[in-house]
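Peer 1: The amino acid sequence is not available; the structure is as follows:
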């Protein structure tokens, strides 16, 4: 907002011009419109000079420089002075990403830092693919479409035994989301001018994921692993996760001081949210007797590999088919159920089993950390058969009270008439 030193009643401001019927007391509308047009050109000149001299905060320069009667000839020396006072800023796209990650290092979890680094990796791969350097100036809709297409169909996934091209829709959406957040951060810090990323839509797709029933968790717990002693810590840690509902980053990092009076008191790493979880007998036995309150050091990739092997030994072999979108195609993957087990299966199993057991949803959410019911119901996994059984149990708890009472006499009369 810039002061033109022209004042008129609002009713006479129409279509970005002063109306021709402006009362004479306020001035000649034609003269005033010419003055406004001249001022607009002056503002455009100020912006051009600021950009030319690489002044970082263009808006502040415009506000401090503009005067209704400013002579554009004085702009060059003014811009020179402002530019001389400003430190040089490295506007290299990846330098700024590295600086962004550095700023976040002590403020977010290690998992979030990996998300930022994945975003950088995806963008660098796209830069190599398009054979053109990515800069802030190229972030337009064409760039967005090209990036989405590349990540969906061409990006070669790392650490795969076979060449796998393309990422899932949700993974592509996560990169777009983090790119938007990064650019918005650089704008807020006045490192770059505002960039309109409203066309950078965040793609999403509900993930297919399994949960294990209490019967299947019991199968895993009671599987004889005497011939595979190296798998025992992974099995016990998996069971502990299923009984507490914690994320891997939390249940693999339980400290002795977190266990008090049969309860687990833990501050969740991702949400910074304190939870208090009563320890079932088996969970208590694993923590106290098997682990001696000291959780073995394991990383997530190794955990996921070993728990699949344990699931196979436990006979969790039911065939499961999932699908996901790749562009407009549905890609189907069929694997034995043990092949879908990951560290996150623990948490999903806890939430789903507690829901099926009738635990109030608000209590489950206190542990899961979900902020809305909509997100929670997306998270749990129940089959149509289980939903049907659950409704049947609810009906049974009404003491078999029928909603519609059948009048047997009327029914008999109607049958005879028919």
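Peer 2: Structure's in. What do you need? Bear in mind the structure is a predicted one, so any value in this text is a computation, not a measurement.

Peer 1: rest of the way, CA atoms for contacts and neighbours
Peer 2: Will do.

Peer 1: so residue 323 sits in a strand?
Peer 2: Yes: counting by DSSP: H, G, I helix; E, B strand; the rest coil, residue 323 falls inside a strand.

Peer 1: which residues does it contact?
Peer 2: Residues counted as contacts of residue 323 (C-alpha atoms under 8 Å, 6 or more residues apart in numbering) are 208, 330-333.

Peer 1: Check which element follows the strand or helix carrying residue 374 along the chain.
Peer 2: In the assignment (DSSP states H and E), residue 374 maps to helix 373-379. Proceeding N to C from helix 373-379, the next assigned helix or strand is helix 384-396, under DSSP H and E.

Peer 1: can you pull up the bridge partners for residue 319?
Peer 2: residue 336 (DSSP bridges).

Peer 1: which residue ranges form the helices in the stretch 1-150 of the chain?
Peer 2: Listed in chain order, the helices of the stretch 1-150 of the chain (DSSP state H, counting those that start in this stretch) span 29-52, 58-65, 75-85, 93-104, 110-130, 141-149.

Peer 1: Going by neighbour count, which residues in the fifth one are buried?
Peer 2: Residues of helix 110-130 classed as buried by neighbour count (16 or more other C-alpha atoms under 10 Å): 113, 116-120, 122-123, 125-126.

Peer 1: Can you lay out the residues you listed as a markdown table showing pLDDT?
Peer 2: A markdown table is the format used below for those (pLDDT from 0 to 100):
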| residue | pLDDT |
| --- | --- |
| 113 | 93 |
| 116 | 96 |
| 117 | 96 |
| 118 | 96 |
| 119 | 97 |
| 120 | 97 |
| 122 | 97 |
| 123 | 97 |
| 125 | 96 |
| 126 | 97 |
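
Peer 1: among the helices of the stretch 1-150 of the chain, which is nearest residue 308?
Peer 2: helix 110-130 (22.3 Å; C-alpha to C-alpha).

Peer 1: Which of the buried residues of helix 110-130 sits closest to residue 137?
Peer 2: Taking C-alpha to C-alpha as the measure, residue 137 lies nearest residue 123 of these, at 14.7 Å.

Peer 1: Let me see the contact set for the closest one.
Peer 2: Contact analysis of residue 123 by C-alpha under 8 Å, 6+ apart lists residue 147.

Peer 1: what separates the helix holding residue 374 from the chain centre, distance-wise?
Peer 2: Mean C-alpha position of helix 373-379 versus that of the full chain (C-alpha atoms, centre = their mean, to the nearest Å) differs by 14 Å.

Peer 1: Would you mark the buried spots in it?
Peer 2: 376, 379.

Peer 1: Just name whatever secondary elements that helix is in contact with.
Peer 2: If contacts are counted by 3 or more C-alpha pairs under 8 Å, 6 or more residues apart in numbering; DSSP states H and E, helix 373-379 sits against no helix or strand.

Peer 1: can you map out the strands along the stretch 151-300 of the chain?
Peer 2: Under the criterion DSSP state E, counting those that start in this stretch, strands of the stretch 151-300 of the chain are mapped to 259-260, 263-267, 274-278.

Peer 1: Run the chain-centre distance for the second one.
Peer 2: A distance of 25 Å separates the C-alpha centroid of strand 263-267 from that of its chain, computed with C-alpha atoms, centre = their mean.

Peer 1: The first one now?
Peer 2: Taking C-alpha atoms, centre = their mean, one finds the center of strand 259-260 at 32 Å from the center of the full chain.

Peer 1: Any stretches of the stretch 151-300 of the chain with poor pLDDT?
Peer 2: Where the stretch 151-300 of the chain drops to pLDDT under 70, the residues are 206-208.

Peer 1: can we see that at 80?
Peer 2: Low-confidence segments of the stretch 151-300 of the chain, defined by pLDDT under 80, span residues 159-161, 204-208, 270-272.

Peer 1: Just the helices from it, written as ranges.
Peer 2: Under DSSP H, counting those that start in this stretch, the stretch 151-300 of the chain gives helices at 169-188, 214-221, 232-244, 248-251, 281-285, 300-313.

Peer 1: Now distance to residue 355 too, for the ones you listed, in TSV please.
Peer 2: Below are the helices of the stretch 151-300 of the chain laid out as TSV (distance: least, C-alpha to C-alpha, whole Å):
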stretch	distance to residue 355
helix 169-188	26
helix 214-221	12
helix 232-244	13
helix 248-251	21
helix 281-285	19
helix 300-313	23
